[in-house]
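Q: Sequence below, structure please.
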Amino acid sequence: MENPPDQTESKEMMLQPRITRPKGGLLTMPFIIANEGFEKVASYGLLQNMILYLMSDYGLGLVKGQNVLFMWVAATNFMPLVGAFLSDSYLGRFLTISIASLSSFLGMMVLWLTAMLPQVKPSPCVASTVTKCSSTAATSSQLALLYFAFALISIGSGGIRPCSLAFGADQLDNKENPKNERVLESFFGWYYASSSVAVLIAFTVIVYIQDHLGWRIGFGVPAILMLPAGILFVLASPLYVKRNATKSLFTGLAQVAVAAYVNRKLMLPGQNDSYGCYYHLNDSELKAPSDKLSQGLANNANGIVNISAMWLVPQYVLHGLAEALTGIGQTEFFYTEFPKSMSSIAAALFGLGMAVANILASVILNVVKNSSKKGGESWIEDNINKGHYDYYYWVLAILSFVNVIYYIVCSWSYGPTMDQLRNDKANGVRGEEHEEAVKLN
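A: This next block holds a predicted model:
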């Protein structure tokens, strides 16, 4: 007895393999990069005017407020190392980014509440200038709430920044693709470009809102932007390639240390990101004359010097070149040199360097302020016209020159990179094949 045609067709459909779309790929990039971008828009946008908020609404002096910001930036750049460790060892990148997005949003909400509720900060400043504010000093509980907001934002940055880069690379990393390395290099470049666009928006749009619409709206907009970005990132969960966390992280660290020791005497490779140190040095040198020009009216806190803002363009152009050359080069270098099980930690090392730099910046600021005060005004004063910030920038230029020398020594000592070793190995194989072909002929 033959089966009816409809039953035969249904059996054939059941026996056919179900076609599923491969996970990862370019489709996931908008969710990952948008979440990272809005986090940068929020954190960088909040940072730019935060010194004014601390001085005007919390009555902090310039040096104390700047030290608070140095510590906040240091924590923000150090936390990616912690987030990367948790991601690679226990939580995985997707879960780490999700938790960090929630922490970042909560931190922005707490900071917004400090602007909305008058009870959580000192009485308003009634003076005409922020350098001579008559508001009462902030209490310990008020400062604790403010620092708690900073901590939540730093925790969020610590989970999003290192893991987003590695998580995005996971979506595109395909060993079967002969152009896999080229794809990853292109991804790193576009990823950094999108981050730069986010920072540009933070420095312009967010700062403009804070200057013209006040702190309440200026702190609320970043929180509003962060919320949908985090929600969309989580909703796109079925599309992602999710690599499991590995428990052998310390084994990977040991392997890196052994490999570094074994390769310590190998020939020096060509480096492609050394120009960044040079541009940072020029950046510091240019700040000295432009800062000196801004002190044209001595001891007048309200004086305005008639010079063009275009004096600031050269130093910021050089600074931008330095960020582009060092940021992309170091990120790609760390990612390719570290084992795949430590990709998030590799992405966090650039931020770790920024964290150490901000701690050193705070130390240098205090040392220069205290050592330059010889019975009178120091180089660094709340009133810029009474200080000598040009001398301070010359100190930074000298330190930048020392950093260039240190970089050259490190480059000479490191040895060939993994990319160069792979290329040398491939060229060696081709050379052997060519010799065998010549012998056969």
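Q: low pLDDT regions in the stretch 1-150 of the chain?
A: The stretch 1-150 of the chain contains residues with pLDDT under 70 at 1-22, 124-136.
Q: quick one: the helices in it?
A: 5-15, 29-48, 50-57, 62-86, 93-116, 140-172 (DSSP state H, counting those that start in this stretch).
Q: Tabulate the ones you listed in JSON lines, adding columns for mean neighbour count.
A: Glycine gets a C-beta too; all of them are placed from N, C-alpha and C. Converted to JSON lines, these look like this (neighbours: other C-beta atoms under 10 Å):
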{"stretch": "helix 5-15", "mean neighbour count": "9"}
{"stretch": "helix 29-48", "mean neighbour count": "23"}
{"stretch": "helix 50-57", "mean neighbour count": "20"}
{"stretch": "helix 62-86", "mean neighbour count": "21"}
{"stretch": "helix 93-116", "mean neighbour count": "22"}
{"stretch": "helix 140-172", "mean neighbour count": "23"}
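Q: nearest to residue 345, of the ones you listed?
A: helix 62-86 (4.2 Å; C-beta to C-beta).
Q: Which neighbouring elements make contact with the closest one?
A: Counting by 3 or more C-beta pairs under 8 Å, 6 or more residues apart in numbering; DSSP states H and E, the packing neighbours recorded for helix 62-86 are helix 29-48, helix 50-57, helix 93-116, helix 140-172, helix 343-371.
Q: What about residue 392, how many residues nearby?
A: 21 (other C-beta atoms under 10 Å).
Q: Tell me the pLDDT of it.
A: For residue 392, the pLDDT comes out at 82.
Q: related to what we said a few turns ago, now render the helices of the stretch 1-150 of the chain as JSON lines, adding distance to residue 308.
A: Converted to JSON lines, those look like this (distance: least, C-beta to C-beta, whole Å):
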{"stretch": "helix 5-15", "distance to residue 308": "74"}
{"stretch": "helix 29-48", "distance to residue 308": "21"}
{"stretch": "helix 50-57", "distance to residue 308": "23"}
{"stretch": "helix 62-86", "distance to residue 308": "25"}
{"stretch": "helix 93-116", "distance to residue 308": "33"}
{"stretch": "helix 140-172", "distance to residue 308": "35"}
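Q: hang on, the earlier thing: now the helices and strands packed on helix 62-86 in TSV, with distance to residue 408?
A: Formatted as TSV, the helices and strands packed on helix 62-86 follow (distance: least, C-beta to C-beta, whole Å):
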stretch	distance to residue 408
helix 29-48	31
helix 50-57	35
helix 93-116	35
helix 140-172	28
helix 343-371	17
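Q: how's this structure carved up into domains?
A: 23-242, 268-421 (automatic domain parsing).
Q: Need the winner for burial among those.
A: Among the domains of the chain, domain 23-242 has the highest mean neighbour count (mean count of other C-beta atoms under 10 Å), at a mean of 19.
Q: and the end-to-end length of stretch 198-216?
A: 21 Å (C-alpha to C-alpha, to the nearest Å).
Q: i'd like the first residue to be 131 from this point on
A: Let's use 131 as the start, then, which means that last one is stretch 328-346.
Q: That one - what's its average pLDDT?
A: Stretch 328-346 shows a mean pLDDT of 89.
Q: got a list of contacts for that stretch?
A: 166-168, 170-176, 178-179, 183, 187, 242, 245-246, 347-349, 351-352 (C-beta atoms under 8 Å, 6 or more residues apart in numbering).
Q: Local confidence estimate at the closest residue to residue 155 other than its chain neighbours?
A: Nearest non-adjacent residue to residue 155, counting by C-beta to C-beta, 6 or more residues apart in numbering: residue 301, 6.2 Å away. The model reports residue 301 with a pLDDT of 84.
Q: From residue 323, how far out is residue 301?
A: From residue 301 across to residue 323, the span is 17 Å (C-beta to C-beta, to the nearest Å).
Q: What of residue 475?
A: 23 Å.
Q: Spell out the residue ranges of the helices in the stretch 431-571 of the chain.
A: Using DSSP H, counting those that start in this stretch, helices in the stretch 431-571 of the chain cover 443-467, 473-501, 519-544, 548-570.
Q: quick one: the closest residue to residue 216 other than its chain neighbours from residue 489, how far?
A: Using C-beta to C-beta, 6+ apart and skipping residues adjacent in sequence, the residue nearest residue 216 is residue 226, 6.0 Å away. From residue 226 over to residue 489 the distance is 24 Å, taken as C-beta to C-beta.
Q: Also residue 233?
A: Taking C-beta to C-beta, one finds residue 233 at 22 Å from residue 489.
Q: same question, residue 459
A: Counting by C-beta to C-beta, the gap between residue 459 and residue 489 amounts to 23 Å.
Q: next one: residue 269
A: Relative to residue 489, and taking C-beta to C-beta, residue 269 is found at 27 Å.
Q: And residue 198, by the same measure?
A: 13 Å.
Q: can you check residue 441 too?
A: 30 Å.
Q: Residue 539 versus residue 188, what's the distance?
A: 43 Å.
Q: for residue 519, same thing?
A: 31 Å.
Q: what's the answer for residue 190, then?
A: 40 Å.
Q: try residue 511
A: 37 Å.
Q: which residues in the stretch 281-430 of the chain form helices?
A: Going by DSSP H, counting those that start in this stretch, the stretch 281-430 of the chain shows helices at 310-331, 337-343, 345-365, 379-392, 405-423.
Q: dump the residue contacts of the residue nearest to residue 155.
A: Per C-beta under 8 Å, 6+ apart, neighbours of residue 301: 153-155, 158-159, 162, 370-371.
Q: Could you rerun that using 10 Å?
A: Each residue near residue 301 by C-beta atoms under 10 Å, 6 or more residues apart in numbering is listed here: 153-159, 161-162, 317, 369-372.
Q: Can you add distance to residue 499 and give these back as CSV?
A: As requested, those are arranged in CSV below (distance: C-beta to C-beta, whole Å):
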residue, distance to residue 499
153, 54
154, 51
155, 53
156, 51
157, 52
158, 48
159, 46
161, 46
162, 42
317, 43
369, 52
370, 49
371, 51
372, 49
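Q: residue ranges with poor pLDDT in the stretch 381-530 of the chain?
A: Ranges of the stretch 381-530 of the chain meeting pLDDT under 70: 381-437, 454, 457-458, 470-474, 477, 505, 512-513.
Q: Give me the distance between the closest residue to residue 210 other than its chain neighbours and residue 439.
A: Using C-beta to C-beta, 6+ apart and skipping the chain neighbours, the partner closest in space to residue 210 is residue 478 (3.8 Å). According to C-beta to C-beta, residue 478 stands 35 Å off from residue 439.
Q: do residue 331 as well
A: With C-beta to C-beta as the criterion, residue 331 and residue 439 are 20 Å apart.
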